[in-house]
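Trainee: no sequence for this one, just the structure:
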DNA sequence: TGCAGTGATGGTACCGGAACCATTCTGCAA
DNA sequence: TTGCAGAATGGTTCCGGTACCATCACTGCA
């Protein structure tokens, strides 16, 4: 076949570089490089020839090499487990925005111990990312120091109050959301409101939600009882279990505020099993407004926070900083909405 | 302060390299490099001194540089949207296994046109990944060619039958699963079974499921009617809508097989709204066995496929190949299970 | 005493784009 | 015709870890 003789022959990717393309076209490597990153600097005729050769050879420029010259195009992200929470939507938002900005997203995901978190951050920084997005509780001072001294801009997606941020923050006031929902429930006439969450320890978002719940009760002149609060795993079964626990403890409990829709939905199923009317026997409120919430029978009253948008905004903050549009450490608070449906 | 004089002073990450560390310790750069990748080759005393200097300086080795020498430690992944399907679990499986193997996961996620898919793959290959995992329909010949000529091992997570695989495949036989569920429904006495899926065009997993459904009906001596099939978006609302459409078309329909739990759960809610008994008025079956399925009221009969394991296995295949344990293109079929609960 | 064998360490080039600066060439005003 | 701005292009070096090979010290054995 003449194929291997006509200049379009394909070497494996490993052996192809700007130098090789340059040789085939008869220009300098630098010219090929310019076609890739600053096409306008190259004469149209030359550009066309180079592009043709790139196409013919199936050349894919090596991003590692250009990154080494300080043009890193990686965004490192650390997120909690994707299952059973709004995280998936958020990751989708981050991913979409990254792609649009021409960045690639390096994802580390998991439930972290201090040690594992440190190691993950270290790995990510090894890739010399242009920026980092963390949704996780940076607890260790070492991890924090690592991030600061890396010089990369950092966005934390987290509770916007409290702990001193590393750099930028995107999030909602979990205090406000929980406070608002609790007040909302009270306004609807509920007298004895329980609070269910996933394990709170070390998670400042949940801490803030609980604090908001407490603050609302106090303002209403209701005493806080630890026995009105339960922690369960973030599963539908967990929600069902919490419902049982609380109603057994307090026969007069008339509403429960779940810190996650997943839990709330599980509780609703348990009510069906027991043929308890919702909200007749008990009111149920969730958090997150996931897709199913509106379709649920009965439709779920919940706190709507736009997780997808949160992810997008986090990346946007980063890109703005990288583009020089934004120099300062900023705190972006996204709004929220109490979606009043029928379950409470 | 003496801090800046004692050899432990911190430069920004950008200015730190093995050469700098080597200079501080008084050894050759090569020795530092060895401490990082082949500690056994370095005398314990020297090693200790180097590690100490690394620690003191907060040095994080640049993975870009080592990747350029052919030791790439990136795995590139392309997955469909994370929301409302088992993809999140699968990504979690992939992520866990990558971390354990010391690889970083570059994630591209979205709903792809031929063009966008090609561009995503091109971007990923630009990072010279050690391997690629694709869950998406590689439709364009160009994308395929790109992958093949990259030389990187590729795992497709997909239907295990049909299209010629690029390299390795991990998946389930969607035909078998759908066939089995349809037969199961028939065995339970359902006579007129509808089939609901998300848009099938271009998605061979769904095509295979529908074919399995058809094959079962044919074997049962039941004629296939296109009017028994509906396509809706992958949301709970979509499932509810499909239920309405099918029952209006066929008053005698007695069971519906949904190609996703999300759809089935939406349909169950619609039944509650209409006070239709499940399975008395109509039987509902899903696909995926998501967390909520078992907790649902009534519990959802569904096809269980272990998506987390699928993700893990995909990465494992890749790592085995990279480790030289496995040279051949393999097809790994994971099992499945018909989980018979009360909804059908 | 001599020399092969082994383990520890050093020097240098290289991976592949791109920054930087030098050079060549074109067009046009003086 | 000369001079020169400015566009197009080329040559070289660098980023930072590591493969490859050279060197050196030291042990053991003839």
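Mentor: Sure, I can see it. Treat the numbers as computed from the prediction; the structure is a model and nothing was measured.
Trainee: Which helix or strand contains the residue nearest to residue A:296 when sequence neighbours are not counted?
Mentor: Counting by CB to CB, 6 or more residues apart in numbering or on different chains, residue B:269 is the residue found nearest to residue A:296 once chain neighbours are left out, at 5.7 Å. Backbone N, C-alpha and C define where each C-beta goes, glycine included. For residue B:269, the element it lies in under DSSP states H and E is helix B:261-274.
Trainee: Point out where chain A drops to low pLDDT.
Mentor: A:1-15, A:84, A:138 (pLDDT under 70).
Trainee: coming back round to it: looking at it, the residue nearest to residue A:296 is touching residue A:298, isn't it?
Mentor: No: with contact defined as CB atoms under 8 Å, residue B:269 does not reach residue A:298; the gap is 9.2 Å.
Trainee: Compare these two (neighbour count), which wins?
Mentor: A count of neighbours by other CB atoms under 10 Å in any protein chain shown puts residue B:269 above the other of residue B:269 and residue A:298, at 24 against 18.
Trainee: show me the contacts for that one.
Mentor: Residue B:269 is in contact with A:292, A:295-297, B:236, B:240, counting by CB atoms under 8 Å, 6 or more residues apart in numbering or on different chains.
Trainee: Going by distance to DNA strand D, which of these wins?
Mentor: Checking the contacts of residue B:269 against DNA strand D by CB to the nearest atom of the strand gives residue A:292 as the nearest, at 47.2 Å.
Trainee: where does the residue lying closest to that closest one once chain neighbours are set aside fall, phi/psi-wise?
Mentor: Closest residue to residue A:292 apart from its sequence neighbours, by CB to CB, 6+ apart: residue B:236 at 4.6 Å. Per-residue torsions, residue B:236: phi -60, psi -40 (degrees, to the nearest 10).
Trainee: got a list of what residue B:236 touches?
Mentor: Applying CB under 8 Å, 6+ apart to residue B:236 gives the contacts A:291-292, A:294-296, B:262-263, B:265-266, B:269.
Trainee: so which of the residues you listed is the most crowded?
Mentor: Most surrounded of those: other CB under 10 Å gives residue B:263, at 33 neighbours.
Trainee: Do I have it right that it meets residue B:241?
Mentor: No: using CB under 8 Å, residue B:263 is not in contact with residue B:241, being 9.4 Å away.
Trainee: Now do the shared contacts for these two.
Mentor: Common neighbours of residue B:263 and residue B:241, counting by CB under 8 Å, 6+ apart, are residue B:232.
Trainee: Run a quick neighbour tally on the one residue in the stretch 101-250 of chain A that gets nearest to DNA strand C.
Mentor: Proximity of the stretch 101-250 of chain A to DNA strand C (CB to the nearest atom of the strand) peaks at residue A:102, 11.7 Å away. Residue A:102 is flanked by 9 other residues according to other CB under 10 Å.
Trainee: Please state the backbone phi and psi of it?
Mentor: With angles defined as degrees, to the nearest 10, residue A:102 sits at phi 80, psi 20.
Trainee: Now do the same contact list for it.
Mentor: Residue A:102 touches residue A:73, counting by CB under 8 Å, 6+ apart.
Trainee: what's the neighbour count on residue A:332?
Mentor: Neighbourhood size, residue A:332 [other CB under 10 Å]: 17.
Trainee: Shouldn't it be within a helix?
Mentor: No: assessed with DSSP: H, G, I helix; E, B strand; the rest coil, residue A:332 is strand; it does not lie in a helix.
Trainee: what are the bridge partners for it, then?
Mentor: Note on residue A:332: beta-bridge partners residue A:170, judged by DSSP bridges.
Trainee: Over to the one 5 residues further on?
Mentor: When bridges are assigned using DSSP bridges, the partners listed for residue A:337 are residue A:304.
Trainee: Residue A:170 versus the residue nearest to residue A:292, what's the distance?
Mentor: 28 Å (CB to CB, to the nearest Å).
Trainee: Excluding residues flanking it in the chain, which one is nearest residue A:105?
Mentor: residue A:98 (4.5 Å).
Trainee: Quick one: residues contacting the one you found.
Mentor: Each residue near residue A:98 by CB under 8 Å, 6+ apart is listed here: A:75, A:104-105, A:315.
Trainee: Next step: those residues restricted to helices.
Mentor: residue A:315 (DSSP state H).
Trainee: Neighbour-wise, which one of the contacts of residue A:98 leads?
Mentor: residue A:75 (30 neighbours).
Trainee: Next, find the distance separating that one from DNA strand C.
Mentor: Computed as CB to the nearest atom of the strand, to the nearest Å, the residue A:75 to DNA strand C distance reads 17 Å.
Trainee: what residues are up against that residue?
Mentor: A:94, A:98, A:103-106, A:129-133, A:315, A:318.
Trainee: same check, this time on residue A:92
Mentor: Residue A:92 neighbours (CB under 8 Å, 6+ apart): A:308, A:311, B:81-83, B:109.
Trainee: can I see the domain layout of chain A?
Mentor: According to automatic domain parsing, chain A comprises the domains A:2-61, A:74-172+A:308-334, A:174-304.
Trainee: circling back: nearest to residue A:55, out of the contacts of residue A:98: which one, please.
Mentor: Lowest distance from residue A:55 to those (CB to CB) belongs to residue A:104, with 22.4 Å.
Trainee: Touching, that closest one and residue B:106? I think so.
Mentor: Yes: judged on CB under 8 Å, residue A:104 makes contact with residue B:106 at a distance of 5.5 Å.
Trainee: tell me, what's touching the two both at once?
Mentor: The contact sets of residue A:104 and residue B:106 overlap at A:74, B:124, B:127 (CB under 8 Å, 6+ apart).
Trainee: ok, how many other residues are close to residue A:245?
Mentor: If you count neighbours by other CB under 10 Å, residue A:245 ends up with 15.
Trainee: Please name the residues that touch it.
Mentor: Per CB under 8 Å, 6+ apart, neighbours of residue A:245: residue A:230.
Trainee: Could you dump the contacts of residue B:236 into TSV with distance to DNA strand C added?
Mentor: Output for the contacts of residue B:236, formatted as TSV (distance: CB to the nearest atom of the strand, whole Å):
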residue	distance to DNA strand C
A:291	41
A:292	45
A:294	47
A:295	48
A:296	50
B:262	42
B:263	45
B:265	48
B:266	47
B:269	52
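Trainee: Tell me the one of those residues nearest residue B:334?
Mentor: For those, the nearest to residue B:334 is residue B:262 (20.7 Å; CB to CB).
Trainee: which ones are touching the closest one?
Mentor: Neighbouring residues of residue B:262 by CB under 8 Å, 6+ apart: A:291-292, B:84-85, B:234-236, B:239, B:288, B:290.
Trainee: Most neighbours among those, which one?
Mentor: residue B:239 (31 neighbours).
Trainee: For it, which non-adjacent residue is closest in space?
Mentor: residue B:266 (2.9 Å).
Trainee: before we move on, back to that, could you list which of the contacts of residue A:92 belong to strands?
Mentor: In strands, defined here by DSSP state E, the members of the contacts of residue A:92 are residue B:109.
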